[in-house]
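Engineer: What shape does this take:
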Amino acid sequence: SDFSLDDLFDFDDDDELKVKVKFKAKREASFKNAKGEEFAHLKVKVKGKAKVEVTVNEGSGGATTELWSAKSAIKKVYYTLTINGVEVPVEFSNHKWQDWDRQWKIPGLLTATYDAKFGTDEVFVDTKCLEAPPADLLLVGFAMAYFMHPSNYLSRAENEAQSYARQVLRRHS
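Structural biologist: Numbers count the residues shown, from 1 in each chain. This next block holds a predicted model:
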C-alpha cells in the first residue's frame, strides 16, 4: 500500500505545493548610425515554462520551514531583424538554451559568437559585408549576442515564477 493512516487523515508533517507557469518575453532595439538615422531594428521573443515547488515542513512546536526550488526552460526563440527596411534572416541553433556558448549568423553580413568563459565571457563579431559600415554591423551583432541572449531569460523566469508562486500560494493558504 502507498498510504498510511497519517496520509489518510492528513497528518503528514510535509506538504508539497507546485506552481507551473508559461512565460513570454520580448525585447526590441533600434540602431542608429552616426547621422542619427535608424538603419536596423532587432526583436527577440522568448517562450518558455517554469515550475516552482515548495516543500513545507512542520517541526515540533508548530514551527514551519519552507524549501523553495524553481526550474525554467525555454521552448522557442524568435529573432526578427530588419536592416534598412528589409527583413533579413537570423540563423541560430534553437535548442539547448541553458548553454551560453552560442552563435548567430546573418548570411552575408555577420557572425556573432558568445563564448562563455570562467570569470569573463566574450562576444566576437565577424563582419562580412564590404558595403555596410563595419561599426554598424558590430553594434547589431554584439547587441544580439550579449543583450538578447536567450539564456539571460532563464534566471529571470525562475525569479518571476517564484514571486508569482508566492502570490498564488498566499491567496490559497
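Engineer: where does stretch 54-65 sit relative to the chain's centre, distance-wise?
Structural biologist: 33 Å (C-alpha atoms, centre = their mean, to the nearest Å).
Engineer: Quick check: end-to-end length of it?
Structural biologist: One end of stretch 54-65 sits 10 Å from the other (C-alpha to C-alpha, to the nearest Å).
Engineer: in it, what counts as buried?
Structural biologist: V54 (16 or more other C-beta atoms under 10 Å). In short, each C-beta sits where N, CA and C put it, glycine included.
Engineer: Next: stretch 70-85.
Structural biologist: 70, 72, 74, 77, 79, 81-83.
Engineer: Keep only those of those residues that are in strands.
Structural biologist: 70, 72, 74, 77, 79, 81-83 (DSSP state E).
Engineer: Going by distance to K128, which of these wins?
Structural biologist: Checking these against K128 with C-beta to C-beta, the nearest one is I83 at 13.3 Å.
Engineer: can you pull the contacts of the closest one?
Structural biologist: Residues near I83 by C-beta atoms under 8 Å, 6 or more residues apart in numbering: 39-40, 109, 132, 140.
Engineer: And these, which is the shakiest by pLDDT?
Structural biologist: Scanning these for pLDDT, the smallest score is found at A132, 83.
Engineer: Compute the distance between that residue and G108, please.
Structural biologist: 10 Å (C-beta to C-beta, to the nearest Å).
Engineer: Look at the two and report which has more neighbours.
Structural biologist: A132 (18 against 11; other C-beta atoms under 10 Å).
Engineer: Where does that one sit, in terms of helix or strand?
Structural biologist: A132 belongs to no helix or strand when elements are defined using DSSP states H and E.
Engineer: what secondary structure does Q167 sit in?
Structural biologist: Following DSSP: H, G, I helix; E, B strand; the rest coil, the label given to Q167 is helix.
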